[in-house]
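[1] Need the 3D shape of this:
(one chain, ligands or ions: 1)
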Amino acid sequence: MDEYINTGLIIEDINDPFLILNNDIDKVLIIDDAMDNRTLLSELLMPNHKVFLAKDGAQGLSLACKHTPDLILLDVVMPGMNGHQVIKSLKSDESTFNIPVIFVSSKISPEDEKIGLDLGAVDYITKPFHPPIVQARVRNHLRGQRHKNLLEQLALIDSLTEIYNRRFYELDIKKVWSACNRNETQLSIAMIDIDFFKSYNDEYGHLNGDNALRVVANHIKKQLKRPHDIIARYGGEEFAVILPHTDAESAQRLLSEVCTSVEDLQIAHDSSSISHYLTISVGGASTIPTRDMDHESFLKIVDEHLYQAKAQGRNKVCWRSATA
Ligand SMILES: Nc1nc2c(ncn2[C@@H]2O[C@H](COP(=O)(O)OP(=O)(O)OP(=O)(O)O)[C@@H](O)[C@H]2O)c(=O)[nH]1
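    Presented below is the predicted three-dimensional model:
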């Protein structure tokens, strides 16, 4: 079938890493049972976009989940699942909920258009369509979507350190907690606090304090190598680290290295009573999440261990033992 061939930027459901490499090109998924429409629309969009083609609703849903396109052009009248059923399914799935959908339909009455928009479509184009209008509408919606994505990303970044912020932590931990629960895999969480940071600010000034926060945050971030490991600024001089699929032994080893390496940065801290340099204390715990415990209660255990690290002299890691 012609759509299964990767022609220029027209891509069907192929297992091709090329898709992941060209992130800067917007991806548009066309779901239409008529081959002529698929061809016409893809030719219109192909020069500027990466185009995926689906010949029915089921294939469209599977491509949408797999490739998370930036925009979907969706026919209404199709055999099997119609466009209304497809958009309902897209809107009920967390992974596809945010993808804007434009209906491209031969149902042209205002009532049809209203139904489409009420179902969550961002636009409604009637057939026969005018190519320049399709191109302009697609371009405008993609521009809006890019802007929205950018704002969403910025809302999850801490402006001082440019690492993730607490809001991202809250979103991520929920997902990771349930994924590790489902897969029965180990999850480790650490809370990191800079030692005597109040006196650092008092001694060197707030601007140097800000700079030290930036340096320490990004230094720790660099040491988290796995793709799903994250560090987030949890509050003032406190950072949370999430290490999915990581057991207590590995996590503790990693955080001990982090702890040592922060002191090795040799950021002078003359008013610290434990070192000449800026240091951190770390509390942590590991578990296979169960239904009996939520991540907030687990974080309290992590916090208790941070408290212990402080109480035991700072510049160290306290981890809940596996049997505790
Ligand atoms: N420069 C700067 N300082 C901050 C920022 N956020 C929090 N702080 C400071 O971090 C300090 C934290 O002080 P404390 O909570 O008393 O803790 P500490 O002095 O580090 O003492 P221990 O944690 O017990 O070792 C406060 O003085 C805050 O003002 C920030 O964004 N920039």
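[2] Neighbours of Ser106, how many?
    Using other C-beta atoms under 10 Å, Ser106 is surrounded by 14 other residues. (Glycine included, C-beta is placed from N, CA and C.)
[3] what's near enough to touch the closest residue to it other than its chain neighbours?
    Spatially, and ignoring its direct neighbours in sequence, Ser106 is nearest to Lys127 (4.5 Å; C-beta to C-beta, 6 or more residues apart in numbering). Residues near Lys127 by C-beta atoms under 8 Å, 6 or more residues apart in numbering: Asn37, Val104, Ser105, Ser106, Ile108.
[4] let's go with 7 Å and repeat that
    Applying C-beta atoms under 7 Å, 6 or more residues apart in numbering to Lys127 gives the contacts Val104, Ser105, Ser106.
[5] What separation is there between it and the ligand?
    56 Å (C-beta to the nearest ligand atom, to the nearest Å).
[6] Over to Ser106?
    Per C-beta to the nearest ligand atom, Ser106 is found 58 Å from the ligand.
[7] Just say helix, strand or coil for the residue of the stretch 1-150 of the chain at minimum distance from the ligand.
    Relative to the ligand, the nearest point of the stretch 1-150 of the chain is Leu150 (24.0 Å; C-beta to the nearest ligand atom). Classification of Leu150 using DSSP: H, G, I helix; E, B strand; the rest coil returns helix.
[8] residues near it, how many?
    10.
[9] State the pLDDT value of it.
    For Leu150, the model assigns a pLDDT of 89.
[10] repeat for Pro17
    32.
[11] Same question for Leu9.
    Looking at Leu9, its pLDDT reads 45.
[12] same check, this time on Gln59
    Confidence score, pLDDT, at Gln59: 95.
[13] in a strand, that's where it is, yeah?
    No. With three-state DSSP as the criterion, Gln59 is assigned helix and is not in a strand.
[14] contacting residues around Glu257?
    Gln223.
[15] What strand or helix carries it?
    Counting by DSSP states H and E, the element that carries Glu257 is helix 248-264.
[16] in that helix, what's buried?
    Ala248, Ala251, Gln252, Leu254, Leu255, Val258, Cys259, Val262, Glu263 (16 or more other C-beta atoms under 10 Å).
[17] out of these, what pair is the most spread apart?
    Spatial extent of these (C-beta to C-beta) is set by the pair Ala248 and Glu263 at 22.9 Å.
[18] tell me which parts of the stretch 201-324 of the chain are close to the ligand?
    Within the stretch 201-324 of the chain, the positions adjacent to the ligand are Asn201, His206, Gly209, Asp210, Leu213, Gly236, Glu237, Lys310, Arg314 by C-beta under 6 Å from any ligand atom.
[19] filter those residues to the buried ones?
    Burial by neighbour count, 16+ other C-beta under 10 Å: within these this picks out Asn201, Gly209, Leu213, Glu237, Lys310, Arg314.
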